[in-house]
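J.: with the input below, show me the fold.
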Amino acid sequence: MKKTIRLFAAAALVTGITISHDAGAASFNWSGWYVTGSAGYGWRAKNSYPPDSYYEGLGANFAGGSGYGGISGGGTARFEGAAAAFGLGYNYQFGSFIVGAEYEFLYANLQTDPTRATNAFTNNGIPYPTGYIVQNYDTVNGDSNRWYGIARLRGGVPILDRSWLYLSAGAAYRLHYASQDPTVTVIPYFLPSTTTTYSGYNKTHAWGLVLGAGIEHALTDNVFLRAEWLHMDFGQDTYLDPVATALKSKPTLLRFDRRADIIRAGLTWRFYGGGY
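T.: Numbering: from 1, shown residues only. Reported below is the predicted structural model:
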């Protein structure tokens, strides 16, 4: 988050510098309705479950050295990938300042679908150890979301003759996300087994904050080229760790950061407005 603030502050500084440009440079008018499309590349916060040594320290004896997630597929988390968006917006220019509002649908392939893994282990290697089976634990951090809705405001100033530099801020909404409720089966050596489903612990946040900065250049009077950086922050999501929960005999929660950055380029077509 500190890196994001530094980038945002740097962009604000650049914008502040450009405000002092010659007002005669603002010969192009940016007002009007437009549609825009973009493509780029993004990356998200890297989160992971604790290493096997953490669970072994709690007493886990994984069968055959498989480790956490080794029996029915571990799942490999994806932390970066392609992104594309389509949006509608409106700009209004007064003097040497431009403000606008924009809504877009964003697809960002930064996630991997959660696996419904199963693992079995015992509590230490003592004679007659208690056995455990955990199911539906999330080996890729509990988020299959790839779709977002973003509403934001933009504000900036013209630079040169047919370009403008802007900052943006707004809200993002995750259009789809999924989590799963894990189960823990306890198998005492001489007693019947019991199974507990831990529902209501895995929490995700639908709404998040969006910040950004970019530059737009008019290729023609109504076709603009855009390049920008976009940051989304959904705070922390909470998930239950079923292995630690089994070994501690009480719910043990993990918290994963949900933030992502995207750099992209796009084209904008102004279909109504303008004026010179």
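J.: what are the buried residues along the longest strand along the chain?
T.: The longest strand of the chain (DSSP state E) is strand 253-273. Using 16 or more other C-beta atoms under 10 Å as the test for burial, strand 253-273 gives 254, 256-262, 264, 266, 268, 270, 273. C-beta: built from backbone N, CA, C; applies to glycine.
J.: could you do stretch 237-246 as well?
T.: Of all the residues in stretch 237-246, those buried under the rule 16+ other C-beta under 10 Å are 237, 239-246.
J.: that one: how far from the chain's middle?
T.: In terms of C-alpha atoms, centre = their mean, to the nearest Å, the gap separating the centre of stretch 237-246 from the centre of its chain is 21 Å.
J.: same question for stretch 101-117.
T.: With C-alpha atoms, centre = their mean as the basis, stretch 101-117 stands 7 Å off its chain's centre.
J.: likewise for stretch 215-230?
T.: Relative to its chain's centre, stretch 215-230 lies at 25 Å (C-alpha atoms, centre = their mean).
J.: please apply the same query to stretch 105-118.
T.: 11 Å.
J.: first to last residue in it, what's the distance?
T.: Using C-alpha to C-alpha, to the nearest Å, the end-to-end distance of stretch 105-118 comes out at 35 Å.
J.: next, the buried residues of it.
T.: Neighbour-count burial for stretch 105-118 flags 106-108, 110-112, 114-115, 117-118 (criterion: 16+ other C-beta under 10 Å).
J.: what's the burial count for residue 103?
T.: As a burial measure, residue 103 scores 12 neighbours (other C-beta atoms under 10 Å).
J.: check what pLDDT residue 99 gets.
T.: Listed pLDDT for residue 99 reads 98.
J.: could you list which of the buried residues of stretch 105-118 belong to strands?
T.: Those of the buried residues of stretch 105-118 lying in strands (DSSP E): 106-108, 117-118.
J.: nearest to residue 39, of these?
T.: Among these, residue 107 lies closest to residue 39 (C-beta to C-beta), at 9.7 Å.
J.: mind listing what's buried along the strand or helix carrying residue 39?
T.: Per DSSP states H and E: residue 39 is located in strand 32-44. Buried residues in strand 32-44, defined by neighbour count with 16+ other C-beta under 10 Å: 32, 34, 36, 38, 40, 42-44.
J.: walk me through which strands it pairs with, and which way each runs.
T.: strand 80-94 (antiparallel), strand 253-273 (antiparallel) (DSSP bridges).
J.: distance to residue 198 and mean pLDDT added to those strands, as JSON lines?
T.: Shown next, in JSON lines, are the strands paired with strand 32-44 (distance: least, C-beta to C-beta, whole Å; pLDDT from 0 to 100):
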{"stretch": "strand 80-94", "distance to residue 198": "30", "mean pLDDT": "97"}
{"stretch": "strand 253-273", "distance to residue 198": "10", "mean pLDDT": "95"}
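J.: redo the ones you listed as TSV? Include distance to residue 156.
T.: Shown next, in TSV, are the strands paired with strand 32-44 (distance: least, C-beta to C-beta, whole Å):
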stretch	distance to residue 156
strand 80-94	10
strand 253-273	14
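J.: could you save the buried residues of stretch 105-118 as TSV and add columns showing pLDDT and distance to residue 217?
T.: Formatted as TSV, the buried residues of stretch 105-118 follow (pLDDT from 0 to 100; distance: C-beta to C-beta, whole Å):
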residue	pLDDT	distance to residue 217
106	98	22
107	97	25
108	96	25
110	91	28
111	85	33
112	80	36
114	75	41
115	74	44
117	81	49
118	83	54
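J.: ok, back up a step: what is the nearest of the buried residues of strand 253-273 to residue 226?
T.: Closest approach between those and residue 226, by C-beta to C-beta: residue 266, at 4.6 Å.
J.: for that closest one, name its beta-bridge partners.
T.: Beta-bridge partners recorded for residue 266 (DSSP bridges): residue 38, residue 226.
J.: now swap in the one 4 residues further on and tell me
T.: Beta-bridge pairing for residue 270 (DSSP bridges): residue 34.
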